[in-house]
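> Got a sequence here, can you build the structure:
(chains A and B)
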Amino acid sequence: QSALTQPASVSGSPGQSITISCTGTSSDVGSYNYVSWYQHHPGKGPKLIIFDVTKRPSGVSDRFSGSKSGNTASLTISGLQAEDEADYYCCSYRSPDSWVFGGGTKLTV
Amino acid sequence: QVQLAESGGGVVQPGRSLRLSCAASGFTFSSFSMHWVRQAPDKGLEWVAVTSSDGSIEYYADSVKGRFTISRDNSKNTVYVQINSLRADDTAVYYCARELRFGDFDYWGQGTLVTVSS
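Numbering: from 1, shown residues only, chains lettered A, B, ... in the order given. A predicted model of the protein is given here:
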């Protein structure tokens, strides 16, 4: 089961915007809106920041937004802050009965 | 508040077995599917397995099928994963996670480290 494809790293300056891509296949990202994104700081459990491609859980900053086109989902973080520095993972349901994560993207602010 | 606490990790010899536990609190455990996700050293997250809210349905990643068994005891608010024939590539931090809606995991534990080494 191959992972979804994410860039290994991205960087940006405080206040800037960055976008992380997540490319899958027609068996996962391309066919389902069950794409979620997680922020992961070392030593902690991951934090859900986007679900169902575009929705934000209560309490998550509106600086985080998600989208999808074809087999590629994207996470955009606007107004970068130092505290956004973390690893980010996308995740998708993959038919018929599994979930798959992306390889992870290290964000440097 | 919702809490998930994994336990049972440690250093284990190749070929041995191990059972990890995840104790849940702060929510109606029997209403939610529960997942295990792992992260090998310097690697990304890897989905491992899921059990439905009543334990009647289980799915596994191809990489662990046949060696891992997920189970739950709703009377104890605990989900387990039994790992048999441990291999070096099972070395990872193992997280349990609650599935709030289909396809997303809203709460995670802090993880428990399993190291497979002779």
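> Number of residues surrounding A:A73?
30 (other CB atoms under 10 Å in any protein chain shown). In this view, the C-beta of every residue, glycine as well, is placed from N, C-alpha and C.
> Can you identify the strand in chain A that spans the most residues?
strand A:86-94 (DSSP state E).
> Could you pull up the mean pLDDT of it?
For strand A:86-94, the mean per-residue pLDDT is 97.
> contact partners of it?
Strand A:86-94 is contacted from outside by A:1, A:4, A:6, A:20, A:22, A:24, A:27-29, A:32, A:34-42, A:46, A:73, A:75, A:99-102, A:104-107, B:44-45, B:47, B:102-105, using CB atoms under 8 Å, 6 or more residues apart in numbering or on different chains.
> Report the strands that pair with that strand, each with its relative direction.
strand A:35-40 (antiparallel), strand A:98-101 (antiparallel), strand A:105-108 (antiparallel) (DSSP bridges).
> backbone phi and psi for the residue lying farthest from the centre of chain A, please?
For chain A, the largest distance from the centre (CA atoms, centre = their mean) belongs to A:P96, which lies 21.9 Å off. Dihedral pair for A:P96: phi -90, psi -20, per degrees, to the nearest 10.
> hmm, back to that, quick check on the contacts of strand A:86-94: which are buried?
Taking 16 or more other CB atoms under 10 Å in any protein chain shown as the criterion, what is buried in the contacts of strand A:86-94 is A:4, A:6, A:20, A:22, A:24, A:27-29, A:32, A:34-40, A:46, A:73, A:75, A:99-102, A:104-105, A:107, B:44-45, B:47, B:103-105.
> Return the set of buried residues in stretch A:45-64.
Residues A:G45, A:P46, A:K47, A:L48, A:I49, A:I50, A:F51, A:D52, A:V53, A:R56, A:V60, A:F64 are the ones in stretch A:45-64 that count as buried (16+ other CB under 10 Å).
> What about chain B: which of those residues touch it?
Applying CB under 8 Å from any CB of the partner chain to the buried residues of stretch A:45-64, one finds that A:G45, A:P46, A:K47, A:L48, A:F51, A:D52 fall near chain B.
> Just list the residues touching B:L18, thanks.
Contacts for B:L18 (CB under 8 Å, 6+ apart) come out as B:G8, B:G9, B:G10, B:V12, B:Q82, B:I83, B:L86, B:V114.
> Whichever of these end up buried, select them in ChimeraX.
This is the ChimeraX syntax for the buried subset of those, where burial follows 16+ other CB under 10 Å:
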select /B:9,12,83,86,114
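> which strand residues sit across from residue 105 in the sheet?
No chain in the question, so chain A it is. Legend: beta-bridge partners of A:T105 under DSSP bridges are A:Y88.
> Not quite, go with chain B.
Residues in a beta bridge with B:F105, per DSSP bridges, are B:E99.
> before we move on, back to that, which single one of the ones next to chain B among the buried residues of stretch A:45-64 is nearest to A:Q81?
A:K47 (14.8 Å; CB to CB).
> can you pull up the bridge partners for the residue nearest the centre of chain B?
Nearest residue to the geometric centre of chain B (CA atoms, centre = their mean): B:W36, 3.1 Å. In this entry, B:W36 is beta-bridged to B:A49, B:C96, by DSSP bridges.
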